[in-house]
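> what's the 3D shape of this:
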Amino acid sequence: MKIALIAVVSIVLLVICLLALVKVGERLLFTSFYSNATTEFKTPGIADGFIQQGFDYVESEDVFLVSGYMKDGSSSRVYVVDREDEKVIGFTKLRNQTGGRNTTHAGGIAHSGDYVYVTSEDSGVQVFMLSDILGCDEAVCKGTVDVGVKPAFCYIHEGKMYTGTFYKADTDYDSDKYIMNTLNGEENTAIMTVHDVDPAKKESFGIDETTNIAYSIPSQVQGICITKDNKIVLSTSWGISKSKLYVYDFDKVNNDATSQIDFFGGKTTLYYIDSESLVDTITAPPMAEEMVYLDGKIYIMNESASAKYIFGKFTSGNYVHAYKFD
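Next comes the predicted model:
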């Protein structure tokens with residue numbers, strides 16, 4: 001018994017030491033990131049089988065919304081996090097239009113007026129009532145808005161909704177539909193469309209379904225945000241590789257020469273986001289998803305601590321971090 005006890009204690013101590021080394025090693029590997037970031041609230045749902053994807057902030061309620069799907073195939077969810085208390089208020093189960101289980105790959109999330117928009121790779125952008133989401137019970141889908149692409153993320157800024165596709169070669173996300181050369185000869189692989197947002201347009205849930213602007217974007221984009229000095233930040237990640245946050249001068253992007261692309265049966269102005277307008281690259285921990293820009297910081301959430309991957313539980317992936325940008 002004594003020998004067995006010593007063996008168990010030794011194994012426990014070894015595991016603790018290994019975990020401590022992993023933690024220290026991660027901090028050293030991402031020293032530049034963590035030295036300029038603050039630890040915010042705990043990533044919601046990491047003990048519930050929740051796979052975190054989308055991230056949004058509702059200023060009127062001072063809460064964050066975190067969307068995602070469930071590992072066990074049950075209804076996708078949106079968690080509500082109180083910003084001041086840094087605690088989860090609760091979560092809302094998403095339902096389809098008939099009230100049944102909604103197992104959509106709930107990716108990006110954004111809100112405007114009374115509506116919350118959640119991307120679905122199969123059906124564009126699903127629409128829910130903000131009051132239902134904040135109620136932390138169940139929210140029935142009110143309808144779907146066609147944004148011209150199968151969006152992986154969405155973001156609303158100054159009356160515009162940005163929705164974009166995700167591309168990764170040799171995976172289920174390998175499609176050559178939007179592969180094109182930019183004006184300086186680089187290859188982009190995905191597309192981002194822009195739609196006017198007007199909460200008064202009840203017939204289309206506040207979104208203009210046509211678009212006059214689109215952006216050619218790089219691979220593996222998980223989310224975007226736009227800063228107060230008009231920098232557009234693209235969050236890119238895949239697997240356990242380091243995440244990259246690419247910062248572009250949005251004014252330069254929008255002033256560069258353009259071409260056109262067909263959407264909704266008409267010609268849409270196409271801009272290219274590439275190294276010509278790149279001003280900074282931020283290296284971040286793996287599996288960065290959508291971001292929130294708030295008070296001069298970029299809040300970054302990742303899914304590495306989710307039930308699907310787990311390894312983030314042993315690093316810093318179980319917390320949202322805010323990178324000081326301004």
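> residue ranges with poor pLDDT in the stretch 1-150 of the chain?
Where the stretch 1-150 of the chain drops to pLDDT under 70, the residues are 4-27.
> so which residues of it form strands?
Along the stretch 1-150 of the chain, counting by DSSP state E, counting those that start in this stretch, strands occupy 37-42, 50-58, 63-70, 77-82, 87-95, 109-112, 115-120, 124-129, 138-140, 143-145.
> which other helices and strands does the helix or strand harbouring Val233 contact?
Applying DSSP states H and E as the criterion places Val233 in strand 231-236. The contact analysis (3 or more C-beta pairs under 8 Å, 6 or more residues apart in numbering; DSSP states H and E) places strand 231-236 against strand 221-226, strand 243-249, helix 250-255, strand 288-294. To be clear about C-beta, it is placed using only N, CA and C from the backbone, and glycine gets the same treatment.
> so how many other residues sit close to Gly223?
30 (other C-beta atoms under 10 Å).
> ignore the last one, Gly143
Per other C-beta under 10 Å, the neighbour tally for Gly143 reads 14.
> list the contacts for the closest residue in space to it that isn't next to it in sequence?
Leaving aside its sequence neighbours, Gly143 sits nearest to Val127 (C-beta to C-beta, 6 or more residues apart in numbering; 5.2 Å). Val127 makes contacts with Tyr115, Val116, Tyr117, Cys141, Lys142, Gly143, Thr144, Val145, Phe205, as judged by C-beta atoms under 8 Å, 6 or more residues apart in numbering.
> just the pLDDT at the spatially most central residue of the chain, thanks.
The centre of the chain sits closest to Glu290, judged by C-alpha atoms, centre = their mean, with a distance of 2.0 Å. Note for Glu290: predicted pLDDT of 97.
> isn't it right next to Val233, touching?
No: counting by C-beta atoms under 8 Å, Glu290 stays clear of Val233, with 11.0 Å between them.
> on that earlier part again, residue contacts, the residue nearest to the centre of the chain?
Glu290 neighbours (C-beta under 8 Å, 6+ apart): Gln53, Gly54, Phe55, Asp56, Gly108, Ile109, Phe153, Tyr155, Gln222, Gly223, Ser235, Met301.
> what do you get if the cut-off is 10 Å, keeping everything else the same?
Going by C-beta atoms under 10 Å, 6 or more residues apart in numbering, Glu290 touches 52-56, 66-67, 107-110, 119, 152-155, 222-225, 235, 299-302.
> circling back: just say which of the strands of the stretch 1-150 of the chain is most tucked in.
strand 115-120 (a mean of 27; mean count of other C-beta atoms under 10 Å).
> ok now it, how far from the chain's centre?
What separates the centre of strand 115-120 from the centre of its chain is 12 Å, taken as C-alpha atoms, centre = their mean, to the nearest Å.
> before we move on, what about stretch 71-86?
14 Å.
> ends of that stretch, how far apart?
In stretch 71-86, first residue to last residue: 25 Å (C-alpha to C-alpha, to the nearest Å).
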